[in-house]
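*Asks:* below are the sequence and a predicted model; questions follow.
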Amino acid sequence: MKTLVAVATFNELVNLPTLVDAIELALPDADVLVVDDNSPDGTGRWCDERVQSDSRFAVLHRSGKLGLGSATYAAFRDAIERGYEVVATMDADWSHPPERLPALIAALGDADVAIGSRYCPGGAIEGWPLRRRVMSRIVNRAARFALRLPVGDCSGAFRAYRVELLKQIDFNTLHESGYAYLEEILWRLKSLGARFAETPITFTDRRAGESKINWREAVAAAKLIASLGWKERTSRS
């Protein structure tokens, strides 16, 4: 399957060069797209240099820090326009293991969406404080219950999607620009009849740089889950 691996970046110069090398090593036949939100640390300039020497690499520059959700939707549009069959997404900070990409893509054999999961048998988290573990568990349980999502990990970004299914979504109707998009896109795909699969990963806290997650993201996720949960209940009544 013609595969694109998409990575959204903001100030990830310290992590990105080795990550791109690892992605291309793990998936020798895949291409890589970086969606950069005008990183002041030079991430975008590095990407422009990489493009000159790497035919498998592309970069999409954006005007500013517009959010992970909108960056991912931009990557989806790019995958659709360039005729890819599969688009995989992952964080730029080495929290997602690139060596698990082949297993993630393979999980699409009987599914439309594959999730690299921290919360299925064999999955794990390393380096997180208790507070963040608890927050993640609460968000995931709330999403599974309210949105009736048939997966254990609703808030992780290490995923692979069949592009044919993404073509059915009007991205202009999606509301979340931040991390809360992770639950919304699963709910939208579920409504289209998507089949889901999970494969275990060990999630490791970022190697370097600053985390982009804060309490505002958690609040946004809670609000989104409540709003979509209401739609889920009313659609079934």
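*Replies:* Thanks, I have the structure now. Just so we're clear, the structure is a prediction, and the values are computed from it rather than from any experiment.

*Asks:* from here on, contacts and neighbour counts on C-alpha atoms
*Replies:* Fine.

*Asks:* from His96, how far out is the residue nearest the centre of the chain?
*Replies:* Closest to where the C-alpha atoms of the chain average out (CA atoms, centre = their mean) is Ala157, at 2.9 Å. Using CA to CA, to the nearest Å, we find Ala157 at a distance of 9 Å from His96.

*Asks:* which residues do those two both contact?
*Replies:* When contacts are counted by CA atoms under 8 Å, 6 or more residues apart in numbering, Ala157 and His96 have Met90 as shared neighbours.

*Asks:* where exactly do the helices run in this structure?
*Replies:* Listed in chain order, the helices of the chain (DSSP state H) span residues 16-26, 43-53, 68-81, 101-106, 130-147, 163-166, 181-191, 215-236.

*Asks:* closest one to Ala6 among those?
*Replies:* Ranking the helices of the chain by proximity to Ala6 (CA to CA) places helix 68-81 first, at 6.3 Å.

*Asks:* that closest one vs helix 181-191, what angle?
*Replies:* Angle, helix 68-81 to helix 181-191, by axes from the mean of the first three to the mean of the last three CA atoms, to 10 degrees: 50 degrees.

*Asks:* gap between helix 68-81 and the chain center?
*Replies:* 10 Å (CA atoms, centre = their mean, to the nearest Å).

*Asks:* may I see the buried residues of it?
*Replies:* 68-76, 78-80 (16 or more other CA atoms under 10 Å).

*Asks:* widest-spaced pair of those residues?
*Replies:* Longest span within these, CA to CA: Leu68 and Ile80, 18.5 Å.

*Asks:* got any ranges where the chain has weak pLDDT?
*Replies:* 175-178, 206-237 (pLDDT under 70).

*Asks:* of all the helices of the chain, which lies closest to Ala92?
*Replies:* Nearest to Ala92, of those and by CA to CA, is helix 16-26 at 6.2 Å.

*Asks:* what sits up against the closest one?
*Replies:* 5, 30-32, 43, 92-94, 98-102.

*Asks:* ok so, going back, now render the buried residues of helix 68-81 as TSV, adding distance to Val134.
*Replies:* Formatted as TSV, the buried residues of helix 68-81 follow (distance: CA to CA, whole Å):
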residue	distance to Val134
Leu68	22
Gly69	23
Ser70	27
Ala71	27
Thr72	26
Tyr73	28
Ala74	31
Ala75	30
Phe76	31
Asp78	35
Ala79	35
Ile80	36
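
*Asks:* quick revisit: wait, the residue nearest to the centre of the chain sits on Ala88?
*Replies:* No. Using CA atoms under 8 Å, Ala157 makes no contact with Ala88, being 9.2 Å away.

*Asks:* for His61, give me its contacts.
*Replies:* Taking CA under 8 Å, 6+ apart, one finds 35-38, 44 in contact with His61.

*Asks:* and Ile201, what does it touch?
*Replies:* Contacts of Ile201 (CA under 8 Å, 6+ apart): 96-97, 100, 116-118, 122-124.

*Asks:* mind running it again at 7 Å?
*Replies:* Contact analysis of Ile201 by CA atoms under 7 Å, 6 or more residues apart in numbering lists 116-118, 123-124.

*Asks:* just the ones of these in strands?
*Replies:* Judged by DSSP state E, strands contain the following of those: 116-117, 124.

*Asks:* what's the closest of those residues to Leu13?
*Replies:* Gly116 (24.1 Å).

*Asks:* pretty sure Glu198 contacts Gly116?
*Replies:* Yes. At 5.9 Å, Glu198 counts as touching Gly116 under the criterion of CA atoms under 7 Å.

*Asks:* which among the helices of the chain is found nearest to Thr173?
*Replies:* Of those, nearest to Thr173 by CA to CA is helix 181-191, at 10.3 Å.
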